[in-house]
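Student: 3D, please:
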Amino acid sequence: MTEFRGIIPPVLTPFDAAGRVDLASLDRLVDHLVDAGVDGLFALGSSGQVAYLTDAERDEVVARTVARAAGRVPVVVGTADLTAPRVIEQARRAEAAGASGVVVTAPLYALNDAAEVGRHFRMVADAVGVPVLAYDVPVRVHAKLGLDLLLELGRDGVIAGVKDSSGDDVGFRRLVAANVAAGRPLSVLSGHEVVLDGIFLLGADGGVPGLANVDPAGYVRLWRAAQAGDWVAARAEQDRLARLFEIAFVPKGRSGDAGGIGAFKAAVALLGVIDAPAMPAPLQGLTDAETAAIRTILVEVGLLP
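Tutor: The predicted structure is shown next:
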């Protein structure tokens with residue numbers, strides 16, 4: 001098994017009102033997560049709004065996250081880009097900055113078949129000296145990473161694990177079972193927010209929930225209860241987190257990038273962890289009424305008095 005287990009939040013990227021990365025807020029967010037007992041950090045994922053960052057801003061976020069984590073937990077870094085040569089450039093810069101691993105999707109924009117996607121992952125793995133984790137997120141890259149491909153890449157040592165954000169729970173259960181049968185070549189992680197108790201029960205190695213930015217301690221309690229086999233406690237904690245996840249449904253009529261992540265940022269700002277819930281242009285932040293509704297939910301679940 002690899003070290004990529006447990007709760008590994010995809011870290012939000014704070015911005016200031018001028019649209020600059022807010023490094024002081026990022027420091028506090030990293031401490032908020034690590035102090036709660038998380039098992040790792042995932043910088044530059046979808047929750048980190050990687051698609052909206054320049055290369056210079058990506059480098060800035062990675063360097064600061066690694067520096068603030070200071071070896072307390074591993075930091076894996078997203079490398080989303082069009083094709084393997086560009087992903088390799090992102091991955092090499094992340095490795096140079098001290099990343100413990102890189103997270104790689106199927107190619108963006110390019111139209112590749114499964115064999116080409118496999119070679120894409122092999123090219124990246126051959127070019128870096130840190131573990132590669134596959135990120136299965138078809139809603140963003142329009143290609144599903146197949147079971148056979150993932151197991152082949154795992155058995156060959158190309159990838160150390162997979163973060164599954166496909167929403168295909170039948171496929172995920174098949175992957176967990178096939179991975180066990182193959183001797184566990186992969187660390188299998190789920191991007192789910194509200195059914196991680198069930199995901200852990202079926203044998204997943206951990207979770208990468210964006211909501212953990214808001215309540216990392218809750219997700220740590222959930223993971224530890226599951227590891228202890230205390231499924232009553234795990235269910236109770238997951239039920240509370242499911243109520244907290246209602247903040248993602250407060251914003252109405254917004255894009256996929258603006259709604260849920262905007263709600264997470266508003267909540268973390270209300271908790272005083274980051275200075276502002278600012279979003280990168282052209283996305284807009286939440287209204288005062290939406291923020292007030294999120295505050296009400298934070299009070300309900302015990303995160304605010």
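Student: just for this structure, where's the confidence low?
Tutor: Under the criterion pLDDT under 70, the flagged ranges of the chain are 1-2.
Student: show me the helices in it, by range?
Tutor: 23-35, 55-69, 84-96, 114-127, 138-141, 147-155, 169-181, 196-201, 216-227, 231-244, 259-270, 288-300 (DSSP state H).
Student: okay, buried residues for the last one please.
Tutor: Yep, that's helix 288-300 we're talking about. Judged by neighbour count using 16 or more other Cβ atoms under 10 Å, the buried positions of helix 288-300 are 290-291, 293-295, 297-298. Glycine gets a C-beta too; all of them are placed from N, C-alpha and C.
Student: try the third one
Tutor: When neighbours are counted by 16+ other Cβ under 10 Å, the buried residues of helix 84-96 are found to be 84, 87-88, 90-95.
Student: circling back: take the helices of the chain and write them to TSV, including distance to residue 44.
Tutor: Putting the helices of the chain into TSV (distance: least, Cβ to Cβ, whole Å) gives the following:
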stretch	distance to residue 44
helix 23-35	12
helix 55-69	6
helix 84-96	8
helix 114-127	15
helix 138-141	13
helix 147-155	21
helix 169-181	23
helix 196-201	22
helix 216-227	18
helix 231-244	24
helix 259-270	13
helix 288-300	25
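Student: winner for burial among those?
Tutor: For the helices of the chain, average neighbour numbers computed from mean count of other Cβ atoms under 10 Å are highest in helix 259-270, which has a mean of 24.
Student: from the chain's centre, how far out does it sit?
Tutor: Relative to the centre of its chain, helix 259-270 is centred 15 Å away, using Cα atoms, centre = their mean, to the nearest Å.
Student: the inter-axis angle of it versus helix 23-35?
Tutor: Taking axes from the mean of the first three to the mean of the last three Cα atoms, to 10 degrees, one finds helix 259-270 and helix 23-35 inclined to each other by 90 degrees.
Student: contact partners of helix 259-270?
Tutor: 12, 14, 29, 32, 46-47, 49, 210-211, 213-214, 247-248, 250-251, 254, 274-279, 283-286, 290-291, 294-295, 298, 303-304 (Cβ atoms under 8 Å, 6 or more residues apart in numbering).
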